[in-house]
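>>> here is a sequence together with a model predicted from it:
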Amino acid sequence: MFQRDFIMNEARKFALILAKLLGLKAEGEYNEYLKYFNEVLDEEYNAELEELLKLDEEDFKKRIAVTGYTAEKLNALGQMLYVFAEPFSADEETSALLKKVMVIFNLLEKEHHYESFDNITRRNVIYQYFNKNYERT
């Protein structure tokens, strides 16, 4: 019972965080959005945006693997990074961010057996992004 309550409270907390981030971004409050984004990364993930952006895919996988985050916390991080990458530009920073989101989605599926329609939809959008912008000729 306690574990279920903990998971529900954690899911609610991250839903509120994501809602606030989405609201700030939609309102064009980019400085406030970035400030809050960094605060959440620091408080919840003990990380900084610049640090995460600098990690290559393998180092990011290693960092995430040792954290022991719950599925809800990992999912929230994936959602935050996805929203941060929007609107998707055909550049290296966006590509690197989306690869990190895919690392999280893969970990959620394989290690936590966690899937959601939202993540499946976002995964398909990411695949389309890579197919459109990085097609092999």
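Sure thing, it's come through. Residues are numbered from 1 along each chain as shown.

>>> helices of the chain, start to end?
Along the chain, the segments classed as helices by DSSP state H run 2-26, 30-45, 49-54, 57-67, 71-85, 92-111, 117-133.

>>> so which of the ones you listed is the most packed in?
Highest mean neighbour count among the helices of the chain (mean count of other C-beta atoms under 10 Å): helix 71-85, with a mean of 21. To be clear about C-beta, it is placed using only N, CA and C from the backbone, and glycine gets the same treatment.

>>> if I pick the residue positioned nearest the centre of the chain, what's in contact with it?
Centroid-nearest residue in the chain, with C-alpha atoms, centre = their mean: residue 78, separated by 1.9 Å. Residue 78 makes contact with 101, 104-105, 108, 119 under the criterion C-beta atoms under 8 Å, 6 or more residues apart in numbering.

>>> which non-adjacent residue is nearest it?
residue 104 (3.7 Å; C-beta to C-beta, 6 or more residues apart in numbering).

>>> I'd say that neighbour and residue 77 touch.
Yes - between residue 104 and residue 77 a contact is recorded at 6.1 Å, counting by C-beta atoms under 8 Å.

>>> before we move on, back to that, same list, the helices of the chain, but as CSV with mean pLDDT please.
Formatted as CSV, the helices of the chain follow (pLDDT from 0 to 100):
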stretch, mean pLDDT
helix 2-26, 76
helix 30-45, 91
helix 49-54, 90
helix 57-67, 92
helix 71-85, 93
helix 92-111, 94
helix 117-133, 94
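
>>> so how far is residue 17 from residue 39?
Residue 39 is 10 Å from residue 17, where distance means C-beta to C-beta, to the nearest Å.

>>> actually residue 75, sorry about that
For residue 75, the distance to residue 17 - C-beta to C-beta - is 12 Å.

>>> now swap in residue 88 and tell me
On the measure of C-beta to C-beta, residue 88 and residue 17 end up 22 Å apart.

>>> then residue 109?
Residue 109 sits 22 Å away from residue 17, going by C-beta to C-beta.

>>> swap in residue 57?
25 Å.

>>> please name the nearest non-neighbouring residue to residue 69.
Spatial nearest neighbour of residue 69, chain neighbours left out: residue 77 (7.3 Å); criterion: C-beta to C-beta, 6+ apart.
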